[in-house]
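In: Model the structure of this input:
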Amino acid sequence: MLLKLYNKNNDPDDLQHIVDLLNDGGLLIYPTDSKYAIGCHGLKERAIERICRLKGIDPKKNNLSIICYDLAAISEYAKVDNNTFKLMKRNLPGPFTFILNGTTRLPKIFRNRKEVGIRMPDNPIIREIARLLDAPIMTATLPHDEDDDPEYTTDPELIDEKYGSLVDLVIDGGIGGLDGSTIVDCTGDEPTIVRQGAGILQE
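Out: Here you go, the predicted model:
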């Protein structure tokens, strides 16, 4: 199912339907400030396992990431020192994934790796959903092969055509980007850019 949403003035019933779907363990494809992504309720382990299977990733070997609505929510699920907090405050919301040490509030599937990726996209659609859900959203890139037409990761109608049967809902938030987020590892003494993506880090 494809649902058109806008940056503001969306039907509250549509938003509530999405929140209910996530609370029920459903999977969602949605726009971010970089690429379209696939996600679920970040505290529901079975839904997270569904995404890991779909993506062919092992949570014991791969970092998992969550979207948080604001910096206060981030500090519930990740350990944030003063310098990291200032760095995130300068750069979020934005197209970044900050790798931090997770807290015990995250499900056991995250604690296999101890670290968690934190996203706070500059996209009003997914941030409003995270606010209404009042919980983190586990987020991952679409299971895309490099040989595939890139439009299957940027055009919501083509995304729905290819992935719609694998998830419970695809949100049409307009054409998405081609670049992933910039990944910044903050688990060491100094922040390190692991992958340069759409975001230019203001240090």
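
In: so where's this structure shaky on pLDDT?
Out: Low-confidence segments of the chain (pLDDT under 70): none present.

In: which residues in it form helices?
Out: Using DSSP state H, the helices of the chain run over 12-23, 45-55, 71-77, 82-91, 108-111, 124-133, 151-154, 156-163.

In: Which positions within the first one qualify as buried?
Out: It refers to helix 12-23. 15, 18-19, 21-22 (16 or more other CB atoms under 10 Å). Every C-beta, even on glycine, is put in place using the N, C-alpha and C of the backbone.

In: would you turn those into a markdown table with distance to Glu76?
Out: Putting the buried residues of helix 12-23 into a markdown table (distance: CB to CB, whole Å) gives the following:
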| residue | distance to Glu76 |
| --- | --- |
| Leu15 | 22 |
| Ile18 | 22 |
| Val19 | 18 |
| Leu21 | 23 |
| Leu22 | 17 |
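
In: biggest strand in this structure, by residue count?
Out: strand 94-101 (DSSP state E).

In: Give the partner strands of that strand in its sheet and their orientations.
Out: Applying DSSP bridges to the sheet, strand 94-101 is found paired with strand 115-120 (antiparallel), strand 182-185 (parallel).

In: tell me how far the shortest one is from the chain's mean position?
Out: In other words, strand 182-185. Distance, stretch centre to chain centre, for strand 182-185: 14 Å (CA atoms, centre = their mean, to the nearest Å).

In: picking that back up, could you provide the strands paired with strand 94-101 in CSV, with additional columns for distance to Met1 and mean neighbour count?
Out: Formatted as CSV, these follow (distance: least, CB to CB, whole Å; neighbours: other CB atoms under 10 Å):
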stretch, distance to Met1, mean neighbour count
strand 115-120, 24, 26
strand 182-185, 31, 21
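
In: can you redo those as TSV with distance to Lys86?
Out: Output for the strands paired with strand 94-101, formatted as TSV (distance: least, CB to CB, whole Å):
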stretch	distance to Lys86
strand 115-120	15
strand 182-185	13
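
In: right, and these - which one's nearest Gly94?
Out: Judged by CB to CB, the one of the strands paired with strand 94-101 that comes nearest to Gly94 is strand 115-120, at 7.4 Å.

In: neighbouring contacts of that closest one?
Out: 32, 63-71, 74, 77-78, 88, 92-94, 96-102, 106, 110, 127, 139, 181, 183, 187 (CB atoms under 8 Å, 6 or more residues apart in numbering).

In: repeat that with 7 Å
Out: 63-68, 74, 77-78, 92-93, 97-102, 106, 110, 139, 181, 187 (CB atoms under 7 Å, 6 or more residues apart in numbering).

In: Are any of these buried, and if so which?
Out: 63-68, 74, 77-78, 92-93, 97-100, 102, 106, 110, 139, 181.
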